[in-house]
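Peer 1: The sequence and its predicted three-dimensional model are supplied below.
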2 protein chains.
Amino acid sequence: MAELKELTSRSVDYSQWYQDLVIKADLAENSAVRGCMVIKPYGYAIWEKMQAELDRMFKETGHQNAYFPLLIPKSFLSKEADHVEGFAKECAVVTHYRLKASPDGKGVVVDPAAKLEEELIIRPTSETIIWNTYKNWIQSYRDLPILINQWANVVRWEMRTRLFLRTAEFLWQEGHTAHATEKEALVETRQMLDVYATFAENFMAMPVVKGIKSANERFAGAVETFCIEALMQDGKALQAGTSHFLGQNFAKAFDVTFSSKEGTRDYVWATSWGVSTRLIGGLIMCHSDDNGLVLPPKLAPYQVVIVPIYRNEEQLNQIDAKVAELAAKLRALGVSVKYDNSDNKKPGWKFAEYELKGVPVRLALGARDLENGTIEVARRDTLTKETLPIDNIEQHIKTLLDEIQANIYAKAANYRASVTREVNSYDEFKVEIEKGGFLLCHWDGTTETEERIKAETKATIRCIPLEGDKTPGSCMVTGKPSAQRVVFARAY
Amino acid sequence: MAELKELTSRSVDYSQWYQDLVIKADLAENSAVRGCMVIKPYGYAIWEKMQAELDRMFKETGHQNAYFPLLIPKSFLSKEADHVEGFAKECAVVTHYRLKASPDGKGVVVDPAAKLEEELIIRPTSETIIWNTYKNWIQSYRDLPILINQWANVVRWEMRTRLFLRTAEFLWQEGHTAHATEKEALVETRQMLDVYATFAENFMAMPVVKGIKSANERFAGAVETFCIEALMQDGKALQAGTSHFLGQNFAKAFDVTFSSKEGTRDYVWATSWGVSTRLIGGLIMCHSDDNGLVLPPKLAPYQVVIVPIYRNEEQLNQIDAKVAELAAKLRALGVSVKYDNSDNKKPGWKFAEYELKGVPVRLALGARDLENGTIEVARRDTLTKETLPIDNIEQHIKTLLDEIQANIYAKAANYRASVTREVNSYDEFKVEIEKGGFLLCHWDGTTETEERIKAETKATIRCIPLEGDKTPGSCMVTGKPSAQRVVFARAY
């Protein structure tokens, strides 16, 4: 139990706290392959919950899933100039297709005779292979729109990695759509941004700012990148999802045209959009505390854990019977339940374990509760507990889960509000950025100014927000005109 | 419409029929990368149905999902002697992690400065990376069993590829379990074989023989490989799933030991088991006909398609209203429905299209049907149709879907029975093998005899069946003793 609790406190070292928590809550660990993680069953169960909700939302908005190759011919990458510029430096390259016995008899070596004519890249993202495929699918406006999503793994050879937040291989979904008109593609880009924002807020209980990336932070190959930006408890921002309007860039690179209703031959318009296992990192950093994970009920692998308190087998049998009834009632209400009556751990150990694992509601049932018709109900979010009559407790718990979901969101939203402020001078900015949070500032719209600020303060423009105050002003650095305040922060 | 129907007939060229069908039914296509396929939305929807059922069955038997790295250090592969022997010759090898601008200014080249110290292999299967991970998870018998499954992509550099059946990259699931005792691991191996057989028969409507592989056909690194073998309509066999008892081979290779209840230090026992997108190929070849796909209702992306027959918009509006009612009733019964009232295709085109796509039930509703209170019901499996009263038709359809599922299975089982026969001499065998089907023969149990038969007839031992006649006899080739008849066939 002591070992379980040994989380570094957030105030001492936030980064170490995060690392400790991911490991101790059994979410993931580093693998033998540099920068690649093993996602353990409890972490993967959260990803499955995320996938299920997102997949439902994608299908409700008319998308279908498909699957494209992992490997991309090197030449494809070069076809879109910005794209290759953005990804070439972090590509895993397959050069051979066979090993052979080592001449010294120890192990295997790459067989030099099995060299590929053209090297293959492990996809860092799939625009190029997909647009090369769409070329054959699209002749006429009747073939449009194409609304496809892919669940896949991708590899980007990152030098500094951190579990979930930045790993060489990660899991994600990437939507790739093709449209007959610019307008339709723009509507799609915004629609998927809204899907992501809804998912982040309603399921992850993580408030986000929707906005547009500056040119500097734009996806390599996009005309415009929309994003949702979240704020972590240490005051740093996390880009949680992006939706790109790709214009006709990839259609031009891969020569994808269609005959329009009007009989003209036009390039196809494109979007792409993605979220990844990085969201799990965001979920952790947004809500969890020094005792462990705090999971929103809608994404918790199980929402309720029940722990029996007993002195002997007779008591355990009675509790088992009562719990069977209660669990059935909870499941009938759509609540997921784990009953931990394992004999080799004490209740105190179990309490600590499920606290660490962020189970939203813990119920404890003892012999005295059976006599009194009561049950102990503990909330993970507030760490409070109370003893309540067991009759109709399932209804109470159902409501309580909604309350916890709302409370976690409110807490995160309040925190964000408390560290979001307008800053009007660059001197003030340099002081304020050290305290973390979102700084709303006027900026002259130039990459030059943005890069100067980044170099001097490590802060970046997280986004030009779509909603909120749009009053023009003067850039805090250059004094030049600014159309509206933008969001600055230091970011993961 | 003519184009849609242009499938090569099975009797003319079975292999071409298969290729045509996969392409024309929009299931998959070859990609720009040699041997890698694009799984199109309709094909992927079948895979999603398969995944959902299998995933449920895995979880019901106590397994959890997790995710391990795509890339495996080359040295891991060499640790188990048979394993590396089996996979080294078909490995995609990552040697570099960066590209750079080409000196001639055209495109990108591999950056020689970014050479990996140790090459990485794209997983052809994950035993090695997983057992290297399990090593750190297992100390005591209390840490066992570990019951994990992974949904993933794998790459095996196959020289001759065929859509779904054999591709360089494919999607699959791989279960990897760790146990304290040999007995428990054997029970697990058999349990998962049974899960696969149940899935094949109850969902794919594809009868299978459960059996043991001969040493020659065993998985590289296994002590015993169990399999399910199916029979395609051309009389060739398809290995549809395998479940391996790995003994302590991988535990020894990666030094994974545990302290037992009795206080001894023992090597851990292992199993692994997998099925892949190859199953889609099996599904197609088991049931489909010269008109297109025939899908079992339990795996069809949609089970019912409704086509309106109308002369004008007024009629269409009336039909739309009636269909909305009917579709709601069908969905309430758990039946998936597509209503195709698209205006740019004629009913005849739609009929052919959904026949090609294997939708189990097609309903057609016209103006006269509305007057008469009738609807036309067409079955894909028998290609029969009848006009029935529309009242309570939803109940009829629900029952009909079960009937179709059963009929497809029965048809496949009857076919298999008709081409499964005992053969007692090698001369007879050489004649019979040309006709296809399963040949039940006595074999002396030696690799030598098996390889001779393979070299001379292209037939392999599909399995030593677990069920059925166990009468001993004499090998048809050598006359030496045989414990029981085994199943021979030519195979995919």
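Peer 2: Done, it's in.

Peer 1: Which residue ranges of the stretch 351-492 of chain A form strands?
Peer 2: For the stretch 351-492 of chain A, the strands defined by DSSP state E, counting those that start in this stretch occupy A:361-366, A:374-379, A:385-389, A:420-422, A:438-442, A:460-465, A:473-474, A:481-482, A:485-489.

Peer 1: now the angle from the third one to strand A:374-379?
Peer 2: Using axes from the mean of the first three to the mean of the last three C-alpha atoms, to 10 degrees, the inter-axis angle of strand A:385-389 relative to strand A:374-379 is 150 degrees.

Peer 1: what's strand A:385-389 in contact with?
Peer 2: Contacting residues not belonging to strand A:385-389 are listed as A:362, A:369, A:373-379, A:396 [C-beta atoms under 8 Å, 6 or more residues apart in numbering or on different chains]. Using the backbone N, CA and C atoms, a C-beta is placed for each residue, glycine as well.

Peer 1: what lines up beside that strand in the sheet?
Peer 2: strand A:374-379 (antiparallel) (DSSP bridges).

Peer 1: any idea how far residue A:451 lies from residue B:323?
Peer 2: Distance, residue A:451 to residue B:323, using C-beta to C-beta, to the nearest Å: 59 Å.

Peer 1: go on, residue A:40?
Peer 2: Residue A:40 is 48 Å from residue B:323, by C-beta to C-beta.

Peer 1: Tell me where the stretch 51-200 of chain A is predicted with low confidence.
Peer 2: The stretch 51-200 of chain A contains no residues with pLDDT under 70.

Peer 1: any residues touching stretch A:465-472, and which ones?
Peer 2: Contacts of stretch A:465-472 with the rest of the structure, by C-beta under 8 Å, 6+ apart, involve A:209-212, A:226, A:440, A:442, A:481-487.

Peer 1: how about JSON lines for those residues, with pLDDT added?
Peer 2: JSON lines is the format used below for the contacts of stretch A:465-472 (pLDDT from 0 to 100):
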{"residue": "A:209", "pLDDT": "98"}
{"residue": "A:210", "pLDDT": "98"}
{"residue": "A:211", "pLDDT": "98"}
{"residue": "A:212", "pLDDT": "98"}
{"residue": "A:226", "pLDDT": "98"}
{"residue": "A:440", "pLDDT": "98"}
{"residue": "A:442", "pLDDT": "98"}
{"residue": "A:481", "pLDDT": "98"}
{"residue": "A:482", "pLDDT": "98"}
{"residue": "A:483", "pLDDT": "96"}
{"residue": "A:484", "pLDDT": "97"}
{"residue": "A:485", "pLDDT": "98"}
{"residue": "A:486", "pLDDT": "98"}
{"residue": "A:487", "pLDDT": "98"}
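
Peer 1: Let me know the closest of these to residue B:457.
Peer 2: Closest approach to residue B:457 among the contacts of stretch A:465-472 (C-beta to C-beta): residue A:226, at 62.3 Å.

Peer 1: okay, now that closest one: neighbour count?
Peer 2: Applying other C-beta atoms under 10 Å in any protein chain shown, we find 28 residues neighbouring residue A:226.

Peer 1: Tell me if I am right that it is in a strand.
Peer 2: Yes: according to DSSP: H, G, I helix; E, B strand; the rest coil, residue A:226 belongs to a strand.

Peer 1: Return the residues in contact with it.
Peer 2: Under the criterion of C-beta under 8 Å, 6+ apart, the neighbours of residue A:226 are A:189-190, A:193, A:210-213, A:242-245, A:466.

Peer 1: just residue A:168 next, same as before
Peer 2: Going by C-beta under 8 Å, 6+ apart, residue A:168 touches A:33-36, A:92, A:155-158, A:161.

Peer 1: Filter the residues you listed down to just the ones in helices.
Peer 2: Secondary structure from DSSP state H places none of the contacts of residue A:168 in helices.

Peer 1: ok, and of those, which contact chain B?
Peer 2: Restricting the contacts of residue A:168 to those touching chain B (C-beta under 8 Å from any C-beta of the partner chain) yields A:33, A:36, A:92, A:155, A:157.

Peer 1: Now intersect those with the strands, please.
Peer 2: By the criterion of DSSP state E, membership of those in strands covers residue A:155.

Peer 1: Tell me the buried residues within the ones next to chain B among the contacts of residue A:168.
Peer 2: A:33, A:36, A:92, A:155, A:157 (16 or more other C-beta atoms under 10 Å in any protein chain shown).
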